[in-house]
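Q: Sharing a model prediction with you, sequence too.
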2 protein chains.
Amino acid sequence: MEPHIADLLRKNQLSITASRRNILELFLQSGSALAHHDIESKTEEKYDRVTVYRTLQTFMEKGIIHTIPTPDNSIKYALCKDNCEEGHHHDDHVHFMCTKCGITTCLEDVHVPEIKLPRGYKTRQTEVVVSGLCKACS
Amino acid sequence: MEPHIADLLRKNQLSITASRRNILELFLQSGSALAHHDIESKTEEKYDRVTVYRTLQTFMEKGIIHTIPTPDNSIKYALCKDNCEEGHHHDDHVHFMCTKCGITTCLEDVHVPEIKLPRGYKTRQTEVVVSGLCKACS
DNA sequence: AAAATTATGCAACTTTGTTGCATTTAAATA
DNA sequence: TATTTAAATGCAACAAAGTTGCATAATTTT
């Protein structure tokens, strides 16, 4: 068990429980974004649906994970690479979703461009999701 | 009843029914993107949930509407402005969602930028959704 | 106007997400 | 380390969202 999992939880003032550790480990292992369903089915020990929802919500609030709005409108969650402050995400990267294998990843090196909006609009956040073929599938 | 509603349906080889006309009219009137729930509640005559789902699906297939992947992961649908060919959308515009009033619109004049991906990735579609304050709310 | 085709609505169901509460587990304190 | 305190979990019950098959109704074709 990776030691820094516990550290990450401690740093965010979260008590260290089996479900939180396992779900975090799953994110670290997979390296890509996970849907709620993935988490429920892929964790070795089965946790209640409610527990998974609440854990994801807690991780969201602490800035440990962020959501990705995919073109097929399934909710996916991914680890925040640089440690986001509580509530203040600064994951200004592009997301990619493969139309063949379905894998969804953060392209940490690809930054979201600035979008100039018409007069009157105020930008708070810009989400860019590119879909197509990933390295493995193309 | 706007006359071109029937024309639009005819052009797409769809039989002209009350539900299709009313749902199309709703899109034209509102001018912004609608969630499934909006459609069910805002149409004067009530249509079965299944009918609404199937109508939206049909409109999607014909390229009459397109979906918008919003940051809060609710599915919203909007009319395609220029007439998309069946299956081939060319709505390369940015979407905007207001965090205050929730209204979601197509910014037809704001084009999505080209995103350069790392080697091996192949782009098929790029979705850009900006959230913030709309004209009315800012 | 009748036949053929297509769309609708209903019922029943699955999946997804939520809430309150009792129980269990982890953290804090003595 | 044992005990208290606080928080997380799981269960049950529910609400909302989405799907499928089939009979009925409406539209289109002949």
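A: It's in.

Q: Can you pull the residues of chain A lying near chain B?
A: Residues of chain A found near chain B (Cβ under 8 Å from any Cβ of the partner chain) are A:67, A:69-71, A:73-75, A:94, A:96, A:99, A:107, A:109-110, A:113, A:115-135, A:138. Every C-beta, even on glycine, is put in place using the N, C-alpha and C of the backbone.

Q: And A:C80, how far from DNA strand D?
A: 19 Å (Cβ to the nearest atom of the strand, to the nearest Å).

Q: Report the contact partners of that residue.
A: For A:C80, the contacting residues are A:G63, A:I64, A:I65, A:H66, A:H89, A:D91, by Cβ atoms under 8 Å, 6 or more residues apart in numbering or on different chains.

Q: Most neighbours among those residues, which one is it?
A: With neighbours defined as other Cβ atoms under 10 Å in any protein chain shown, the most crowded of the contacts of A:C80 is A:I65; it has 26 neighbours.

Q: Hmm, A:K76 and that residue touching each other?
A: No: in terms of Cβ atoms under 8 Å, A:I65 does not count as a neighbour of A:K76; the distance is 9.9 Å.

Q: tally of neighbours for A:C134?
A: With other Cβ under 10 Å as criterion, A:C134 counts 22.

Q: now swap in A:T58 and tell me
A: When counting by other Cβ under 10 Å, one arrives at 15 neighbours for A:T58.

Q: my read is it is in a helix, agree?
A: Yes: if the criterion is DSSP: H, G, I helix; E, B strand; the rest coil, then A:T58 is within a helix.

Q: how much space between it and A:T51?
A: Counting by Cβ to Cβ, to the nearest Å, the gap from A:T58 to A:T51 is 10 Å.

Q: cool, A:G63 as well?
A: Applying Cβ to Cβ, the value for A:G63 to A:T51 is 20 Å.

Q: cool, and A:T67?
A: The spacing between A:T67 and A:T51, counted by Cβ to Cβ, is 18 Å.

Q: Next: A:S15.
A: For A:S15 relative to A:T51 (Cβ to Cβ), the value is 14 Å.

Q: same check, this time on A:P113
A: From A:P113 to A:T51 the distance is 38 Å (Cβ to Cβ).

Q: again, but for A:S32
A: According to Cβ to Cβ, A:S32 and A:T51 sit 22 Å apart.

Q: SS state for the residue most central in space within chain A?
A: By Cα atoms, centre = their mean, chain A has its centre lying nearest to A:A78, at 1.5 Å. With three-state DSSP as the basis, A:A78 sits in strand.

Q: all strands for chain A, in order.
A: Counting by DSSP state E, one finds strands in chain A at the ranges A:34-35, A:65-69, A:75-79, A:93-98, A:104-111, A:122-133.

Q: Near DNA strand D, list only the ones from the residues of chain A next to chain B.
A: Among the residues of chain A next to chain B, no residue is within reach of DNA strand D (Cβ under 7 Å from any atom of the strand).

Q: hmm, which of those residues are the buried ones?
A: Buried members of the residues of chain A next to chain B, counted by 16 or more other Cβ atoms under 10 Å in any protein chain shown: A:67, A:69-71, A:74-75, A:94, A:96, A:107, A:110, A:115, A:117, A:121, A:126-134.

Q: For the helix or strand of chain A with the lowest mean pLDDT, buried residues please.
A: Every helix and strand of chain A was ranked by mean pLDDT, DSSP states H and E. The lowest is helix A:3-11, at a mean of 90. For helix A:3-11, a neighbour-count test (16+ other Cβ under 10 Å) marks A:I5, A:L8, A:L9 as buried.

Q: any idea which of those is closest to A:R21?
A: A:I5 (5.5 Å; Cβ to Cβ).

Q: A:S32 and A:T51: which has the busier surroundings?
A: Neighbour totals were compared for A:S32 and A:T51, and A:S32 leads with 20 against 15 (other Cβ under 10 Å).
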